[in-house]
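Trainee: Starting from these lines, generate the structure:
(2 chains)
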Amino acid sequence: SQTIHQWPATLVQPVGSPLSLECTVEGTSNPNLYWYRQAAGRGLQLLFYSVGIGQISSEVPQNLSASRPQDRQFILSSKKLLLSDSGFYLCAWSVRSRTDEKLFFGSGTQLSVL
Amino acid sequence: SQQGEEDPQALSIQEGENATMNCSYKTSINNLQWYRQNSGRGLVHLILIRSNEREKHSGRLRVTLDTSKKSSSLLITASRAADTASYFCATGGTASKLTFGTGTRLQVTL
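Mentor: Sure thing, here's the model as predicted:
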């Protein structure tokens, strides 16, 4: 069966420090991969998605970047964190479908930038 | 852009009662999905209903879709304390185009 791993679960970082969040998927090949951010009590905002190795689409201009160095690995990074980068970050994957894609989420990373 | 908006924002019921949440959206869709999120956790896919479907069931869940009104409802029957969570609707076709609403926070008390 497919599983998705996301770490760390919580992270407290000072302003201006770098960030690296990692997500890996097991049990499937060539998944679509996604990074979402969720502000407290809010819905999800799509940050990046990837349909293949090295292919990254950015939905929102921001202080963050994403990379997909391997088929089932998706990394969210920042060179210098801002206070506004605080939030709950979720990685997700899906099997490609023309119309009925469902998302499978990791357990999330709560990032606090102080 | 397509956007789901859930109503109510918060709902508190007693165990055994039914819980109904609504979702409205703005533009044409290929499908509508409902997800559940326990506090501090990732979202879990519950059910997908296609634009040519009007009703779908999964266990104690019943989803309806009215494309003429651009609305959907999620009914949880005989609710349990374990159903306490936030519930989100998401509209779109491909996952990269899914738009999530702000969610309904459901509290089920004993």
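Trainee: Can you name every helix or strand that the lowest-mean-pLDDT helix or strand in chain B contacts?
Mentor: When the helices and strands of chain B are scored by mean pLDDT, DSSP states H and E, strand B:5-7 comes last with a mean of 86. Using 3 or more Cβ pairs under 8 Å, 6 or more residues apart in numbering or on different chains; DSSP states H and E as the contact criterion, the secondary-structure elements in contact with strand B:5-7 are strand B:19-24, strand B:85-92. No exception for glycine: its C-beta is placed from N, CA and C like everyone else's.
Trainee: got the residues of chain A near chain B?
Mentor: Within chain A, the positions adjacent to chain B are A:6, A:32, A:34, A:41-44, A:46, A:49, A:57, A:88, A:90, A:92, A:94, A:97-108, A:110 by Cβ under 8 Å from any Cβ of the partner chain.
Trainee: can you tell me which of the residues you listed are in strands?
Mentor: When DSSP state E is applied, the residues of chain A next to chain B are split such that A:6, A:32, A:34, A:44, A:46, A:49, A:57, A:88, A:90, A:92, A:94, A:104-105, A:110 fall in strands.
Trainee: Could I have the buried ones of the residues you listed as PyMOL selection syntax?
Mentor: For anyone working in PyMOL, the buried entries among those, judged by 16 or more other Cβ atoms under 10 Å in any protein chain shown, can be selected with:
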select buried, chain A and resi 6+32+34+44+46+49+88+90+92+94+104+105+110
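Trainee: now the ones in strands among the residues of chain A next to chain B as TSV including pLDDT?
Mentor: Output for these, formatted as TSV (pLDDT from 0 to 100):
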residue	pLDDT
A:6	96
A:32	93
A:34	95
A:44	90
A:46	91
A:49	92
A:57	92
A:88	96
A:90	97
A:92	96
A:94	92
A:104	95
A:105	96
A:110	96
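Trainee: ok, of the helices and strands packed on strand B:5-7, where does mean pLDDT dip lowest?
Mentor: Set side by side, the helices and strands packed on strand B:5-7 give their lowest mean pLDDT on strand B:85-92, at a mean of 92.
Trainee: How about residues contacting that one?
Mentor: Applying Cβ atoms under 8 Å, 6 or more residues apart in numbering or on different chains, the external contacts of strand B:85-92 come out as A:43-44, A:103, B:2-4, B:6, B:21, B:23, B:25, B:29-39, B:43, B:46, B:72, B:74, B:98-106.
Trainee: My guess is residue B:12 contacts residue B:107. True?
Mentor: Yes: under the criterion of Cβ atoms under 8 Å, residue B:12 is in contact with residue B:107, at a separation of 4.4 Å.
Trainee: Tell me which residues of stretch B:50-65 come out buried.
Mentor: Of the residues in stretch B:50-65, those buried under the neighbour-count criterion (16+ other Cβ under 10 Å) are B:56, B:61, B:62, B:63, B:64, B:65.
Trainee: Next: stretch A:66-76.
Mentor: Within stretch A:66-76, the residues scored as buried using 16+ other Cβ under 10 Å are A:66, A:67, A:68, A:72, A:74, A:75, A:76.
Trainee: got the end-to-end distance for stretch A:23-34?
Mentor: Across stretch A:23-34, the terminal residues are separated by 10 Å (Cα to Cα, to the nearest Å).
Trainee: before we move on, back to that, for the least confident helix or strand of chain B, which positions count as buried?
Mentor: Burial within strand B:5-7, assessed by neighbour count using 16+ other Cβ under 10 Å, is assigned to B:5, B:6.
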